[in-house]
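>>> coordinates for the following, if possible.
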Amino acid sequence: MVSQATKKTFDTTDDLCLLAPVILGKPAKLFCWLTLGWLTPALACGQEGNNRRATRHSRFHDERDCSTEARRPRCLQVELYTERHLLPLNLGGGGVAREKLSMKTAQPPTLATRLLERLASGPHGDALVGDLIEQYRQGRSAAWYWRQVLLAILVGLACDRVLGGMAILGSLLVLLLIIISVGRHPSSLGSGLFITDIALVSGYGAFAAWVWRQRRLAVRHALTAGAQTGLMLGVVLIASHVIEWFAPAGSSRAVQLVRGAGSTLLMLSLLGAAGSAAWQRTRSVKLAVIGGLWCGSLAVLILLSFALTLNLAFEAHAEAWLHEPFVASGMRDPGAFVVRNSLEAASEILVGVPVAAFVLSFGGSLSNAWITTWPRKLAVLAAWLTPLIFVAGAASLWYAESLERAARPPFIMAGVLTAGIALCSAHPIWSFLSRRRRELPPET
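Model prediction:
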């Protein structure tokens, strides 16, 4: 045990070591440390002073002596004094000690941190921010920090299953393509389509930003179902546009009907499937409708990005493709006519697809909720009748093509409605039968 006199001697030694540089100047600090800090305990206490000297040495460099609240302030002061005054004498300067202290307290670039906090998606965004800040404080450079932040944002956007960040970039791309197209042909302005399309695409971007900020698990399940079907619908619409763009000019009307009706019916089927799948995951009609709207929004952004890029890259082909409508329009600039035609088609798609998505996803969710109450035999019967209903709707559309234009609307409406009901019921029936099959006990 250490005597009270020895403890008092050490307390006095600590105070003198801290005050000597201030009173006597910097040349006296090493002498004070060597004499008062090491020799005084040995002279005062003998072997007991030697034991206390080892304890005191460990107090400067070990945290366990700082654990007592009564000793913590003095111990922290001595540590700070050691790094600021003694290390420069031992290492030949204060640069290393100051660099060590600055690495512990330096703050990373504020703008990069805020961007990462706002744009890092997923539940692990806060942990990622903390890890990068810790690495920066351990000696990483600001360039490294910026590089990691940008890479984390890009990876987060690419790995987000909801595709909210990608949809935001897609809406910005569509806006840029529209502005570039109109800028190359200013005579395409004047009909109000430019302002209308800008406002509609901006609404799509706002919806994408809302989707991207969602963190509720049920909402994300519905949005994930909509994103998956939206990607498939976007591929279908792109394929239909490419076939129509590069198809021979002398294609028969039957081929054109199959191509147009096929893409339309596939769109109806996927929109209904989006609502059905979202309801199956969340058991909420409202979330199912949101999933269907998200499906349609993604598909529209994918189609417009591709179509507008194609028009800019192959403008001569677009002018040749629309030569007859251009001559009938009376415009002088064929490029301006192509841009105006694109703006008109874009406005129709931007308005029409969300309406169809709302109706069909609502119908798909109700169909799934209704079919889940059926017995298995009735569901099997509906599975056999659904293809027949679809064939009847397709036959109505085929027959309407052979009639005069004034007599077509009733048959077209009946065909689209019948085929749409069949297609909206396909996913609920299939999911119900597959789920019931998994629930059956294994055969013995």
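>>> per-residue confidence for Ser305?
In the prediction, the pLDDT value recorded for Ser305 is 95.
>>> C-terminal to the helix or strand containing it, what's the next element?
Under the criterion of DSSP states H and E, Ser305 resides in helix 285-313. Beyond helix 285-313 in the direction of the C-terminus, DSSP H and E gives the next helix or strand as helix 315-321.
>>> which elements pack onto the helix holding Ser305?
Under the contact criterion of 3 or more CB pairs under 8 Å, 6 or more residues apart in numbering; DSSP states H and E, helix 285-313 touches helix 164-184, helix 193-213, helix 217-246, helix 253-282, helix 334-371. Any C-beta I mention is one placed from the backbone N, CA and C, and that applies to glycine too.
>>> need the contact list for Ala227.
When contacts are counted by CB atoms under 8 Å, 6 or more residues apart in numbering, Ala227 is found next to Arg161, Val162, Leu163, Trp294, Cys295, Leu298.
>>> let's see 7 Å
Each residue near Ala227 by CB atoms under 7 Å, 6 or more residues apart in numbering is listed here: Arg161, Val162, Leu163, Trp294, Leu298.
>>> just put those residues in CSV and tack on neighbour count, pLDDT and distance to Val236.
Written out in CSV, the entries for the contacts of Ala227 read as follows (neighbours: other CB atoms under 10 Å; pLDDT from 0 to 100; distance: CB to CB, whole Å):
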residue, neighbour count, pLDDT, distance to Val236
Arg161, 13, 84, 20
Val162, 23, 90, 21
Leu163, 25, 90, 17
Trp294, 30, 96, 16
Leu298, 30, 95, 12
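>>> specify which member of those residues is nearest to Leu266.
Leu266 has its nearest neighbour among the contacts of Ala227 in Leu298, at 15.3 Å by CB to CB.
>>> that older thread, could the contacts of Ala227 go into CSV alongside distance to Ile429?
As requested, the contacts of Ala227 are arranged in CSV below (distance: CB to CB, whole Å):
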residue, distance to Ile429
Arg161, 26
Val162, 27
Leu163, 28
Trp294, 23
Leu298, 25
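>>> ok, so of those residues, who is nearest Gly226?
The nearest member of the contacts of Ala227 to Gly226, counting by CB to CB, is Trp294 at 3.5 Å.
>>> excluding its backbone neighbours, what's nearest that closest one?
Closest residue in space to Trp294, ignoring its immediate chain neighbours: Gly226 at 3.5 Å, by CB to CB, 6 or more residues apart in numbering.
>>> pretty sure the one you found sits against Ala278.
Yes - Gly226 sits in contact with Ala278 when judged by CB atoms under 7 Å, with a separation of 6.2 Å.
>>> common neighbours of these two, please.
In terms of CB under 7 Å, 6+ apart, Gly226 and Ala278 are both contacted by the residues Gly291, Gly292.
>>> the helices in the stretch 51-200 of the chain, which residues?
Counting by DSSP state H, counting those that start in this stretch, one finds helices in the stretch 51-200 of the chain at the ranges 72-81, 87-91, 95-105, 110-119, 125-137, 142-159, 164-184, 193-213.
>>> let's have these in a markdown table, adding mean neighbour count, distance to Leu397 and mean pLDDT.
Putting these into a markdown table (neighbours: other CB atoms under 10 Å; distance: least, CB to CB, whole Å; pLDDT from 0 to 100) gives the following:
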| stretch | mean neighbour count | distance to Leu397 | mean pLDDT |
| --- | --- | --- | --- |
| helix 72-81 | 14 | 83 | 38 |
| helix 87-91 | 13 | 86 | 38 |
| helix 95-105 | 12 | 72 | 47 |
| helix 110-119 | 15 | 46 | 81 |
| helix 125-137 | 15 | 49 | 80 |
| helix 142-159 | 15 | 40 | 83 |
| helix 164-184 | 18 | 31 | 92 |
| helix 193-213 | 17 | 29 | 93 |
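>>> between these, which one is closest to Leu304.
Leu304 lies closest, by CB to CB, to one member of these: helix 164-184, at 4.9 Å.
>>> how many neighbours does His215 have?
One thing to correct before we go on: residue 215 is Arg, not His. Residues lying near Arg215 (other CB atoms under 10 Å) number 10.
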